[in-house]
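In: could you look at this predicted model? Sequence included:
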Amino acid sequence: MLPGNRLCPGCGLSLAYRHILKAFDGQVIVTVPASCLTVLHGMYPVTSVTVPCVNTPFATTGASASGLVAGLKALGKKGLTVLAIAGDGGTYDIGIQSLSGATERKSDFVYICYDNEGYMNTGNQRSGSTPLGAISGTTPILGKQQNQKDMAAIMEAHGIPYVATANAAYPLDLYEKVKKARAMQGVRFLHVFTPCPPGWRFPFSDTVKIGQLAVQTGWDVLYEVEGGIFRFTSASESIARGGTLKPVREFLVSQGRFRNITEKQVDELQAAINARWKRGLARAANL
Amino acid sequence: MSDGNPDIQILDGNRAAALGAKLSRVRVIAAYPITPQTPVTEALSEFVERGELDAQYIAVESEHSALAVCTSASIAGARAFTATSSHGLAYMHEMLHWAAGTRLPIVLACVNRAIGAPWNVLNDQQDSISQRDTGWIQIYARNNQEILDSVIQAYKIAEAVYVPVMVCYDGYILSHTEMPVDIPSQQNVDRFLPQYRPHTVLDSRNPKNYNLVTLANPRVNAEGVLCHGYMELRYLLQEALQNSRETIAKVGQEFGELFGRSYTNMFWKERMDDADIVIVAMGSLAMEAIVASEMLRGEGYKTGVLGLRVFRPFPKADVVKALSKSRLVVIFDKNISYGSEGAACSEIKAALYGSKVNAAIRNFIVGLGGRDVAAKELADAVKKSLASLTEGVPNKEYPEWICHI
Amino acid sequence: MQTRGCGHICGESSPGIGEAGKTGEWRDSYPLIDHKKCIPAKQGKAACFQCWLYCPDAVISKTVPVQVDMEYCKGCGICAEVCPAHAITMVAEETSCSS
């Protein structure tokens, strides 16, 4: 990743992408749909990354990755990993069909969904990943009325060899997971939590703090499922072993996007977090 | 020199298209079944599973993904093929633009079928005609021999000019109708088709980023060279299509030399030399039009048939030349640009404007949704058009329809 | 303006630094490192480097002493937030205006 790209100061994606690319050590072909990452990548004729990259229409990331894999196979080119990397919009919503299809066909690529919980490239409109109660361009007053999809669980249900969650605020954990995924075969899916200062309404110096708060409150859980075996990792593992989750309220008050959230919604979110945490504790193989 | 011993088999159009792809040694096939294209997907799957075709058959979950897979595979450097019809082609509309804009030599077989609403699985040409603006070369086949030959030529054309090619043929009328087809030998097709040389590079030692956002205006790159704005890149696509006529003719000639069937023309001409009434049709309808023309000749009319073959790029100058002696041009369209008229009619009117051709033009919409079109109906329409010349109207505002309204 | 000379037939981009220009011009405050507190500087060897780890734009070097590329630093202030030695302060850029 070269300096002087177009992303916002303090961008969670920018931080994550740095370490993701490092884990591939240049031996990667990236395919990316319309998203903030497209903007990071630059504008013709100058790109701010030094890896080959294929931009693809919004709905097609999974299909594009599938096509690159097939093309490389046809040419007998080995040693390169295809990395599909899309935002939550391009993964949960418009891109879910092509991702599910490519996964069901047992293609061979790493798919990273960087999740800033909204269509941030177009100014923050709600996505399938926008949380309950969050203000967005298309939920401007009442906030989102539905819960997030659990995309990692959906991918786990496809029976793939590796599903993991990671967080821009825990770059070493992210790096290790990407490296691990890189070395595997089949479809490997990573969900990376990437806080967005302008979209979530917090000062851009706080990106890492917010990312860490997400894990400390259980809003984001760091885990991996390898061959069906669930393990907590990094800070989530520490909390699972002997800590307690901070109340979700701490996470909510740190960002302007939750300024209109109701008490009922806060309770609902807390209950969902508690339930998910409990499920994790029950199934974790490393506790 | 033609292909040694002819290998004539009785094939339907779908089989011919699949064989064309097989002989062209495509490496990546991504397709989604849709009536009446489905047998193409099944034939190709069979070739791959039997080991007769060294390719990957990607059973995608939608047509949009089918062309997305082909696009990326083509960027990676693999010869890619897909086939579809109707709603499937409509579903890949966005990707049609994308593939053309990336200048990829993908070949797509479109088995022409009506588009809903309401549902209709039978033939007309609305599907491919609706995509004529996307920057693809469009070739229409009149019979199953032309289908097979056109798919093979399509790769040579596409890979020479870096423009994707759509080979269109009528659903059911051709796709499911068997007729004798001379199958070229693999050996000769290998001589005819060079290896695909992609203009795209996916090399970690020389990293490039394809299809980033462009700006309205030209922009300087990291080396200080002024590069295109969006408009210049699109200009180049149009330029490539305009110039492709030369390549299409050349490829058609080379095909003729090797296989004995020449395709140097942009359209088929039947008894045009002394005709002052010309019937224009495209696809299988152009064969029916010949029957109609013979009927009319029998009654003393001097009719000829202009069977459109290459619809994009539209061969304007050639058409003007071919129609120079006409006093009446009757154009039968199995499609309509709603609110205006049949697409072939618009193209011909545009071509003739400003020329010295002094012909009246009549447009008939026929055969939509699989409505049968009999030669007699075509002949009657021509006679009706002739009779209408007394009105002194060379150019009617809207087309007539041959239907039961 | 004539662009045909670039030789592209499609939107093919090549790598270049500063694609968005000198992004250092974006900031209204810059990170000032106190090398008396900065751990690698104090220890005289490679250590800590949390600022390098967390910089979203990769403009902090993993060197002794740590250096920030001021041409491209966007002034987000994450480095100041994460530094365990509190060695980094965000200092307001001086704006010059004549009155």
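Out: Perfect, thanks for sending it.

In: next up, the contacts around the spatially most central residue of chain C.
Out: Chain C has C:C73 as the residue nearest its centroid, 2.9 Å off, counting by Cα atoms, centre = their mean. Applying Cβ atoms under 8 Å, 6 or more residues apart in numbering or on different chains to C:C73 gives the contacts C:23-24, C:27, C:30-31, C:57, C:59. Any C-beta I mention is one placed from the backbone N, CA and C, and that applies to glycine too.

In: can you tell me the closest non-neighbouring residue to B:R261?
Out: Excluding its sequence neighbours, the residue lying closest to B:R261 (Cβ to Cβ, 6 or more residues apart in numbering or on different chains) is B:D149, at 6.0 Å.

In: closest point of the stretch 101-250 of chain A to chain C, which residue?
Out: A:S205 (3.2 Å; Cβ to the nearest Cβ).

In: on that earlier part again, and of the contacts of C:C73, the nearest to chain B?
Out: When the contacts of C:C73 are compared against chain B (criterion: Cβ to the nearest Cβ), the nearest one is C:T23, at 15.4 Å.

In: returning to what we had before: give me the number of residues near the closest residue to the residue of the stretch 101-250 of chain A closest to chain C other than its chain neighbours?
Out: Leaving aside its chain neighbours, A:S205 sits nearest to C:G77 (3.2 Å; criterion: Cβ to Cβ, 6+ apart). Here the number of neighbours of C:G77 (other Cβ atoms under 10 Å in any protein chain shown) works out to 22.

In: before we move on, what about A:T103?
Out: A:T103 has 23 nearby residues by other Cβ under 10 Å.

In: all helices of the stretch 101-250 of chain B, in order?
Out: Remark: helices assigned in the stretch 101-250 of chain B by DSSP state H, counting those that start in this stretch are B:126-129, B:144-161, B:186-192, B:230-259.

In: which one of those lies nearest to B:L174?
Out: When the helices of the stretch 101-250 of chain B are compared by Cβ to Cβ, helix B:144-161 sits nearest B:L174, at 6.0 Å.

In: same for that closest one, what does it pack against?
Out: On a contact count with 3 or more Cβ pairs under 8 Å, 6 or more residues apart in numbering or on different chains; DSSP states H and E, helix B:144-161 meets strand B:8-12, helix B:13-23, strand B:107-112, strand B:137-140, strand B:165-170, strand B:178-182, helix B:186-192, helix B:230-259.

In: output the lowest mean pLDDT helix or strand found in chain C.
Out: Sorting the helices and strands of chain C by mean pLDDT, DSSP states H and E puts helix C:39-43 at the bottom, at a mean of 95.

In: which residues sit against that helix?
Out: C:33, C:35-36, C:46-49, C:64-66, C:84-85, C:87.

In: thinking again about what came up before, wait, doesn't the residue nearest to B:R261 sit right on B:Y263?
Out: Yes: in this structure, B:D149 is within contact of B:Y263 by Cβ atoms under 8 Å, at 6.8 Å.

In: neighbour count winner among these two?
Out: Taking other Cβ under 10 Å, B:D149 and B:Y263 do not tie; B:D149 has more neighbours (26 against 22).

In: in which helix or strand does the residue in chain A that chain B sits nearest to reside?
Out: Using Cβ to the nearest Cβ, the closest approach of chain A to chain B is made by A:G71 at 2.6 Å. Following DSSP states H and E, one finds A:G71 within helix A:61-74.

In: ok and the residue in chain C nearest chain B?
Out: Taking Cβ to the nearest Cβ, chain C has C:G16 as its residue nearest chain B, at 2.8 Å.

In: ok, the residue of the stretch 101-250 of chain A closest to chain C - how many residues close by?
Out: 20.

In: check what pLDDT it gets.
Out: Looking at A:S205, its pLDDT reads 97.

In: pull the contacting residues for it.
Out: A:10, C:76-78, C:80-81, C:90.

In: which among the contacts of helix C:39-43 are in contact with chain B?
Out: Applying Cβ under 8 Å from any Cβ of the partner chain, the subset of the contacts of helix C:39-43 adjacent to chain B is empty.

In: quick one: low-confidence parts of chain C?
Out: Scanning chain C for pLDDT under 70 picks out C:96-99.

In: how about the residues of it near chain B?
Out: C:1-6, C:8-17.

In: so which bits of chain A are right by chain C?
Out: Proximity of chain A to chain C (Cβ under 8 Å from any Cβ) is limited to residues A:1-7, A:9-12, A:14-15, A:18, A:41-50, A:171-172, A:203-209.

In: could you do the stretch 101-250 of chain B as well?
Out: Selection of the stretch 101-250 of chain B residues close to chain C by Cβ under 8 Å from any Cβ yields B:101-103, B:162, B:199-200, B:207-212, B:214, B:218, B:221-223, B:225-229, B:232-233, B:236, B:240.

In: just the buried ones out of these, please.
Out: Of the members of these, the ones counted as buried by neighbours, 16 or more other Cβ atoms under 10 Å in any protein chain shown, are B:101-103, B:162, B:199-200, B:207-212, B:214, B:218, B:221-222, B:226-229, B:232-233, B:236, B:240.

In: so of those, which ones are in strands?
Out: In strands, defined here by DSSP state E, the members of those are B:209-210, B:226-227.

In: farthest-separated two in the residues you listed?
Out: The most widely separated members of those are B:Y210 and B:L226, with 19.7 Å between them, by Cβ to Cβ.

In: and B:W268, helix, strand or coil?
Out: Per DSSP: H, G, I helix; E, B strand; the rest coil, the secondary structure class of B:W268 is strand.

In: again, but for B:D318
Out: Recorded secondary structure, B:D318: helix (three-state DSSP).

In: where's the spatially closest residue to it that is not a sequence neighbour relative to B:Y140, distance?
Out: The shortest distance from B:D318 to any residue other than its chain neighbours is 5.2 Å, reached at B:M266 (Cβ to Cβ, 6+ apart). Distance, B:M266 to B:Y140, by Cβ to Cβ, to the nearest Å: 11 Å.

In: more neighbours: these two, which one.
Out: Higher neighbour count among B:M266 and B:Y140: B:Y140, with 30 against 22, using other Cβ under 10 Å.

In: my read: the more buried one touches B:F314, true?
Out: No: the criterion here is Cβ under 8 Å, and B:Y140 misses it with B:F314 at 11.9 Å.

In: can you tell which of the helices of the stretch 101-250 of chain B is closest to A:T91?
Out: The closest approach between A:T91 and any of the helices of the stretch 101-250 of chain B, judged by Cβ to Cβ, belongs to helix B:230-259 at 27.4 Å.

In: quick one: that closest one to strand B:165-170, angle?
Out: Between helix B:230-259 and strand B:165-170, the angle comes out at 60 degrees (axes from the mean of the first three to the mean of the last three Cα atoms, to 10 degrees).

In: could you give the mean pLDDT of helix B:230-259?
Out: On average, helix B:230-259 scores 98.

In: mind listing what's buried in it?
Out: For helix B:230-259, the neighbour count (16+ other Cβ under 10 Å) marks B:230, B:232-233, B:236-237, B:240-241, B:244-245, B:247-249, B:251-252, B:254-256, B:258-259 as buried.

In: before we move on, what about stretch C:8-21?
Out: Those would be C:8-16, C:18-20, for stretch C:8-21 by 16+ other Cβ under 10 Å.

In: so what pLDDT did the residue nearest to A:N147 when sequence neighbours are not counted get?
Out: Residue nearest to A:N147 in three dimensions, not counting chain neighbours: A:L132, with 5.1 Å by Cβ to Cβ, 6+ apart. With respect to pLDDT, A:L132 scores 96.
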